[in-house]
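# Below is the sequence, then the predicted model.
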Amino acid sequence: MLSLDLDGRLPPGPGARLAAHLATCDACARLAGALGTAWARLDALPTPLAAPDDFAAILARADQRPTGWRGVLGGWAPMRLGATVLAACLVAGSGAGIALGSAAFGPGRHADPLELAALAEGFGDLPFGSPAGGLARALTVGVEVRE
Amino acid sequence: MREAELVAAALAGDRAAWRALYLAHKDFVYRVAVRFLGHPDDARDLTQDVFAQLLAEPKRYRPTAQFRTWLYRVVANRCLNERAKVRNARRVDDASELRAIPDAGGTPEERLGRAQEQARVRAAIAGLPERQRLAVVLARFEELSYEEIAQALETTVSSVESLLFRGRENLARALAPD
Ligand SMILES: [Zn+2]
């Protein structure tokens, strides 16, 4: 639930209830802070450089693969290269825009037991700040690393 | 030319169209691979392999899916397979991390501090289970939506929510002050 909130995916109702809970529960507020800080610290990594242009090597590799690409790539058309590359640049630009803009509110599903616990806590099914039942468990006890 | 037309041309055997698709998408593939694998050389190799696979097996592309979605899937598969291959062959070593730091000014102490922070963040990412790590890389650095990550990992949106929640928890634990 906190993770969804950090990604802006909580609908207004649950989002407001979570915010109200965080204002009164130190343990959950601490966890929310730790999750947010860790996420922000990933900014320390530099952006990788652009990939080198390895198209020639890729053609050679594709050629070595069992299925081969010769039949597929029969229509070598050098004169169209300029126009196609230009089109690719336009596509890359709009593609990035689509990728960045496509996040939408999903249904409020809570697959993780911890998220369910937090939801119950937030909705008053468990006492607020209950150290055994709340998200605080994730910091104080820790949850298994699993997939 | 719209991407759909470019893809159609590529599938029909237009090498220039393939090259255009490659130039449009190679940096995405490379960035994901660098951050997932942690090594530029491995990432370059993986990038070549991804596009070689697309070129060699275009018939596996389903025209109903966006090219980008198809690419996400191939990249995710290759990352997860590659990781299994190199897992025990290489370790993130601190010396190589330090060499990778750009010399961006500041006092030697500040540069060392940045280098140490980068090494710590890299190690935290490297310590995540693979599917969590890939979900984190795609969400945090490539800003893919949960839906796009679900398509890449061939799973559900709620499973992506779970991967990202646990990924954040594990990062917070790994990056917590001692
Ligand atoms: Zn609480």
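Arrived safely, thanks for sending. Numbering: from 1, shown residues only, chains lettered A, B, ... in the order given.
# Residue B:172 - how many residues pack around it?
Applying other Cβ atoms under 10 Å in any protein chain shown, we find 21 residues neighbouring residue B:172. C-beta here means a position set from N, CA and C on the backbone, and glycine is covered the same way.
# do you know how far it is from chain A?
4 Å (Cβ to the nearest Cβ, to the nearest Å).
# dump the residue contacts of that residue.
A:31, A:34-35, A:37-38, A:139 (Cβ atoms under 8 Å, 6 or more residues apart in numbering or on different chains).
# hmm, try it at 10 Å
Taking Cβ atoms under 10 Å, 6 or more residues apart in numbering or on different chains, we find residue B:172 in contact with A:31, A:33-39, A:41, A:138-139, B:124.
# Please list the members of these that lie in helices.
Judged by DSSP state H, the subset of these located in helices is A:31, A:33-39, A:41, A:138-139, B:124.
# Make TSV from the residues you listed and add neighbour count, distance to the ion and pLDDT to it.
Formatted as TSV, the ones in helices among the contacts of residue B:172 follow (neighbours: other Cβ atoms under 10 Å in any protein chain shown; distance: Cβ to the ion, whole Å; pLDDT from 0 to 100):
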residue	neighbour count	distance to the ion	pLDDT
A:31	25	8	93
A:33	13	12	94
A:34	20	13	94
A:35	23	13	94
A:36	15	15	94
A:37	13	18	95
A:38	21	19	95
A:39	21	19	95
A:41	16	23	95
A:138	25	11	39
A:139	18	11	38
B:124	21	25	97
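# which stretches of chain A have low pLDDT?
A:66-147 (pLDDT under 70).
# hmm, try it at 50
Low-confidence regions of chain A, defined by pLDDT under 50, span residues A:68-91, A:93-147.
# same check, this time on chain B
Along chain B, segments meeting pLDDT under 50 span B:88, B:91-101.
# try 80
Regions of chain B meeting the criterion pLDDT under 80 cover residues B:1, B:58-65, B:82-104, B:178.
# Tell me which stretches of it form helices.
Going by DSSP H, chain B shows helices at B:3-11, B:15-37, B:40-56, B:67-86, B:94-99, B:108-126, B:130-136, B:146-153, B:157-175.
# Any chance of TSV for the ones you listed, columns distance to residue A:26?
Listed next are these as TSV, based on distance: least, Cβ to Cβ, whole Å:
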stretch	distance to residue A:26
helix B:3-11	50
helix B:15-37	34
helix B:40-56	42
helix B:67-86	38
helix B:94-99	35
helix B:108-126	25
helix B:130-136	27
helix B:146-153	29
helix B:157-175	16
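# Of all these, which one is nearest residue A:21?
Proximity to residue A:21 (Cβ to Cβ) singles out helix B:157-175 among these, at 16.7 Å.
# angle of the closest one against helix B:146-153?
90 degrees (axes from the mean of the first three to the mean of the last three Cα atoms, to 10 degrees).
# per-domain residue ranges of chain A.
Domain segmentation of chain A under automatic domain parsing yields A:2-44, A:74-108, A:112-147.
# Pull the most distant pair out of the contacts of residue B:172.
Maximum pairwise distance in these, criterion Cβ to Cβ, is 17.7 Å, between A:41 and A:138.
# List the contacts of the residue of chain B positioned farthest from its centre.
No residue in chain B sits farther from the centre than residue B:107, which is 32.3 Å out by Cα atoms, centre = their mean. Residues in contact with residue B:107 (Cβ under 10 Å, 6+ apart) are residue B:113.
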